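> pasted the sequence and its predicted model underneath.
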Protein chains: 2
Amino acid sequence: MRVTIADVAREAGVSKTTVSRVLNTKGEVDDRTAARVRSVISQLGYVPSSRAVGLARGNSRTVGMLVPTLTWPWMGEVLQGVVDTVEAAGYGMLLFTCNRGVESVARFTGQVSARAFDGLVVVEPENTLETITGLHRKGLPVVLIDDRAQSPAFPSVATTNREGGASAARHLLAGGRSRPLVITGPSHFGCVHDRLAGFGGVLAEAGHGLPPARVHHGDFTEAAGCLAVQQRLATGEEFDAVFAHNDVSAAGALRALRAAGRRVPDDVAVIGFDDVPLASHTDPPLTTVRQPMRRMGETAARVLLDHLGGTPAPGTPVVLPTELVVRNSAPAA
Amino acid sequence: MRVTIADVAREAGVSKTTVSRVLNTKGEVDDRTAARVRSVISQLGYVPSSRAVGLARGNSRTVGMLVPTLTWPWMGEVLQGVVDTVEAAGYGMLLFTCNRGVESVARFTGQVSARAFDGLVVVEPENTLETITGLHRKGLPVVLIDDRAQSPAFPSVATTNREGGASAARHLLAGGRSRPLVITGPSHFGCVHDRLAGFGGVLAEAGHGLPPARVHHGDFTEAAGCLAVQQRLATGEEFDAVFAHNDVSAAGALRALRAAGRRVPDDVAVIGFDDVPLASHTDPPLTTVRQPMRRMGETAARVLLDHLGGTPAPGTPVVLPTELVVRNSAPAA
DNA sequence: CTGAAAGCGCTTACAG
DNA sequence: CTGAAAGCGCTTACAG
């Protein structure tokens, strides 16, 4: 039989109320009584039932985390940041994915209504913004990571995508490259828009255009990176660099360039985005704009926990800095 | 105010008992009554509180998952397998890591005692076997993934590590390589022992030895892979192939070989283990022994759920097949 | 087929 | 400083 607060009370010769008081260090308790209760607690190995505490208190000391998938290369870092922070605060983390479409979403919202957790960190799965907005309106504290739709409705944490794109452009220009091919992610992502704007802005300032023919609207896959390069090679569109909006499609570009006999970085310099583990293993290793994934997770969790603790959430996104990591695919000038 | 079973009961003109019955389709309920209750439930958007249900029933329909870290390249696949399976069964998954040492372990065991979850899937973090064994003895259902210590105390799911090692050896022999350098993982891991035994066995059968000088005891890092190659190159130890116990150290070997001007696969063929995403992006792409990570996660979750459902857990490890994936670092003969 | 009541294991006014 | 009692929102014998 599991040991309950009643067992502790009986053994210590006090009421359950008193045991609860020493457990939560709430209200005045005689020092000697408290000591006795504490000793009984450790003797019996008593741990309060989280369910009962949650029911009585009306909260669960658990946060939820919703992500589109767990297999993206940077997701582990984000998760680790969230878990570490949440754990240090004595909270648990309930993990959800929308891997299986509508059904997953339904199950997930069920858990919300069931009050299985007090707040939610989310990396937005496609087509769930509406659902999440609804939950938020009904009072569920939510923090978004890498807000795709740039919806001001939620607190969120983001990175300096615009500056990240700009830093890539400056690095290429410094290396004497002015005719880059850009391989974007899905165009409805806010981050894609910002990276493109930052990149194009620097180019324009330096007097260089970025014609549509040198912007390939990709989807963050390796195949998109390959295709972008192959198509330009086929049409004879000239380019002396590639700026891909993520490392995976940069790796695709690298592969296609090598297959076509172009040398990287001699003929074409390549820059990616993210700095996932893969980036340092490609041939040549990838110069990339690093996003601090783990810190994004930590920050989002902290904002959520603070909010649960009563601190009002920040009204504007918390923005973390990106950093250009220079490797051989686009070496320093 | 949240809507409770009492609200539903009042609105439908029945007792809470009856509402509970239609909720759980338990006991006989008049069809018309049931229909009425159901309509009130959906009208009010009623969802039972998971905490209250858990407290009353004595279980939480939640499983825990404990892993050493979330940032290993294959962890995402395992997690996805567990989450998908658990979610499909209507369970939630509480995620724990032992990223922060002793303190993490303490917090984790606290959650166990608090009965925050009904059962546990674990990829064993270093030095936690004792803790986990203790929890298991106290009645917590546990399933191990990739059992490091090969402790028969728990149900577990594993892969054909021995056969995986053997398949690597056969592939190398078929390609005319008989002087392989082996780069192992930590020697106290059961999987390392098995891979080595399988590999060495095939070599021996073919009349080839595997002298200690050609076995480098590594630690699954890229640095270990580099070092192993560099040392043999420095001492003049000859080898015509590398069999690394994971892809990351194989990538290290690849890097060191290239730096030394050795051609892969012409001078040295290289085989890894795992088939993480990185494997297809190295130069040349890595031939490797694939482990079905997602299926391992799915299988472990299924075993645990079945156990929670009353099915006795299998007395011996569930073993999933590895598969040799041939790429250019060790092409077919 | 249906309901009143006890119980799950806590917390929290309230009273002393 | 301490305790009896009600309440959190369910489920489950038990009785009818």
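That came through fine. It should be emphasised that the depicted structure is a prediction, and the values quoted were computed from it without experimental measurement.
> work out for me the element the closest residue to DNA strand D within the stretch 1-150 of chain A sits within.
Scanning the stretch 1-150 of chain A for the residue nearest DNA strand D gives residue A:28, at 2.3 Å (criterion: CB to the nearest atom of the strand). For glycine as for every other residue, the C-beta is placed from the backbone atoms N, C-alpha and C. Under the criterion DSSP states H and E, no helix or strand holds residue A:28.
> low-scoring pLDDT stretches of the stretch 51-200 of chain A, where are they?
Of all residues in the stretch 51-200 of chain A, those with pLDDT under 70 make up the ranges A:148-152.
> interface residues of it facing DNA strand C?
Residues of the stretch 51-200 of chain A found near DNA strand C, taking CB under 7 Å from any atom of the strand as the criterion, are A:52, A:53, A:55, A:56, A:57.
> now for the second one: which residues touch it?
Residues near residue A:53 by CB atoms under 8 Å, 6 or more residues apart in numbering or on different chains: A:61, B:114.
> ok so it is a helix residue?
Yes: looking at residue A:53 with DSSP: H, G, I helix; E, B strand; the rest coil, it is inside a helix.
> how far away is it from residue B:95?
Counting by CB to CB, to the nearest Å, the separation of residue A:53 from residue B:95 is 20 Å.
> same deal with the fourth one?
Using CB to CB, we find residue A:56 at a distance of 25 Å from residue B:95.
> go on, the last one?
For residue A:57, the distance to residue B:95 (CB to CB) stands at 23 Å.
> the two - which one has more neighbours?
Per other CB atoms under 10 Å in any protein chain shown, whichever of residue A:57 and residue B:95 has more neighbours is residue B:95, with 22 against 11.
> so that one bridges to which residues?
For residue B:95, the residues forming beta bridges with it (DSSP bridges) are residue B:65.
> what about residue A:302, neighbour count?
A count of neighbours around residue A:302, defined by other CB under 10 Å, yields 20.
> actually residue A:42, not the one I wrote
Considering only other CB under 10 Å, residue A:42 is surrounded by 8 other residues.
> hmm, the helix or strand where residue A:143 lies in reach of chain B?
If you go by DSSP H and E, residue A:143 is part of strand A:142-145. No: with CB under 8 Å from any CB of the partner chain as the criterion, chain B is not reached by strand A:142-145; the gap is at least 14.7 Å.
> direction included, what does that strand pair against?
strand A:119-122 (parallel), strand A:156-159 (parallel).
> now render those strands as CSV, adding distance to DNA strand D.
Formatted as CSV, the strands paired with strand A:142-145 follow (distance: least, CB to the nearest atom of the strand, whole Å):
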stretch, distance to DNA strand D
strand A:119-122, 18
strand A:156-159, 30
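> any chance of JSON lines for those strands, columns mean neighbour count?
Putting those into JSON lines (neighbours: other CB atoms under 10 Å in any protein chain shown) gives the following:
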{"stretch": "strand A:119-122", "mean neighbour count": "25"}
{"stretch": "strand A:156-159", "mean neighbour count": "25"}
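> can you lay out those strands as TSV showing distance to residue A:143?
Output for those, formatted as TSV (distance: least, CB to CB, whole Å):
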stretch	distance to residue A:143
strand A:119-122	5
strand A:156-159	6
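> now stretch A:53-61 - C-alpha only, PDB.
Listed next in PDB are the C-alpha coordinates belonging to stretch A:53-61 (Å, rounded to 0.1, in the frame of the first residue of the first chain):
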ATOM      1  CA  VAL A  53      -2.200  17.700  -4.800                       C
ATOM      2  CA  GLY A  54      -3.200  18.800  -8.300                       C
ATOM      3  CA  LEU A  55      -6.800  18.100  -7.700                       C
ATOM      4  CA  ALA A  56      -6.900  20.000  -4.400                       C
ATOM      5  CA  ARG A  57      -4.800  22.900  -5.600                       C
ATOM      6  CA  GLY A  58      -6.200  23.200  -9.100                       C
ATOM      7  CA  ASN A  59      -2.900  23.000 -10.900                       C
ATOM      8  CA  SER A  60      -0.600  20.300 -12.000                       C
ATOM      9  CA  ARG A  61       2.900  21.600 -11.900                       C
END
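> right, and residue A:219 touches residue A:186 too?
Yes: counting by CB atoms under 8 Å, a contact exists between residue A:219 and residue A:186, whose distance comes to 5.5 Å.
> about what we covered before: what is the neighbour count of the residue of the stretch 1-150 of chain A closest to DNA strand D?
7.
> just the pLDDT for it.
Model confidence at residue A:28, given as pLDDT, is 82.
> how near is it to DNA strand C?
From residue A:28 over to DNA strand C the distance is 9 Å, taken as CB to the nearest atom of the strand, to the nearest Å.
> cool, residue A:229 as well?
According to CB to the nearest atom of the strand, residue A:229 and DNA strand C sit 61 Å apart.
> surely that residue touches residue A:242?
Yes: distance between residue A:229 and residue A:242: 7.0 Å, which falls inside the contact criterion (CB under 8 Å).
> which neighbours do the two share?
Both residue A:229 and residue A:242 are in contact with A:181, A:253, A:257, where contact means CB under 8 Å, 6+ apart.
> who touches residue A:132 in this structure?
In this structure, residue A:132 makes contact with A:66, A:120, A:122, A:124, A:142, A:154, judged by CB under 8 Å, 6+ apart.
> name the helix or strand for it, please.
Residue A:132 is part of helix A:129-137 when elements are defined by DSSP H and E.
> list the buried residues of that helix.
Neighbour-count burial for helix A:129-137, counted by 16 or more other CB atoms under 10 Å in any protein chain shown, picks out A:129, A:131, A:132, A:135, A:136.
> looking at the contacts of residue A:132, which is nearest DNA strand C?
Checking the contacts of residue A:132 one by one against DNA strand C (CB to the nearest atom of the strand), the nearest turns out to be residue A:120, at 22.7 Å.
> that closest one pairs with what?
Using DSSP bridges, the bridge partners assigned to residue A:120 are residue A:64, residue A:142.
> residue A:238 touches residue A:179, doesn't it?
Yes: taking CB under 8 Å as the definition, residue A:238 is a contact partner of residue A:179 at 6.1 Å.
> between the two, who's got more neighbours?
Legend: neighbour count by other CB under 10 Å for residue A:238 and residue A:179, higher for residue A:179 (17 against 11).
> list the contacts of that one.
Taking CB under 8 Å, 6+ apart as the definition, contacts of residue A:179 comprise A:208, A:214, A:238, A:239, A:240, A:241.
> what's the most distant pair in these?
For those, the farthest-apart pair by CB to CB is A:208 and A:238; their separation is 13.2 Å.
> following the strand or helix carrying residue A:9, which helix or strand shows up next?
Using DSSP H and E, the element containing residue A:9 is helix A:5-12. Where DSSP H and E defines the elements, the next helix or strand beyond helix A:5-12 is helix A:16-24.
> can you list contacts of that following helix?
The contact list for helix A:16-24, computed with CB under 8 Å, 6+ apart, reads A:5-6, A:8-9, A:12, A:26-27, A:29, A:33-34, A:37-38, A:41, A:48.
> now the angle from that helix to helix A:5-12?
Regarding helix A:16-24 and helix A:5-12, their directions subtend 100 degrees when assessed with axes from the mean of the first three to the mean of the last three CA atoms, to 10 degrees.
> report the distance from helix A:16-24 to the chain centre.
Computed by CA atoms, centre = their mean, to the nearest Å, the separation of helix A:16-24 from the middle of its chain amounts to 39 Å.
> quick one: is it near DNA strand C?
Yes: legend: contact between helix A:16-24 and DNA strand C by CB under 7 Å from any atom of the strand is shown at A:16, A:17, A:19, A:20, A:21, A:23, A:24.
> pull out the buried members of these.
Judged by 16+ other CB under 10 Å, buried ones among the residues of helix A:16-24 next to DNA strand C: A:19, A:20, A:21, A:23.
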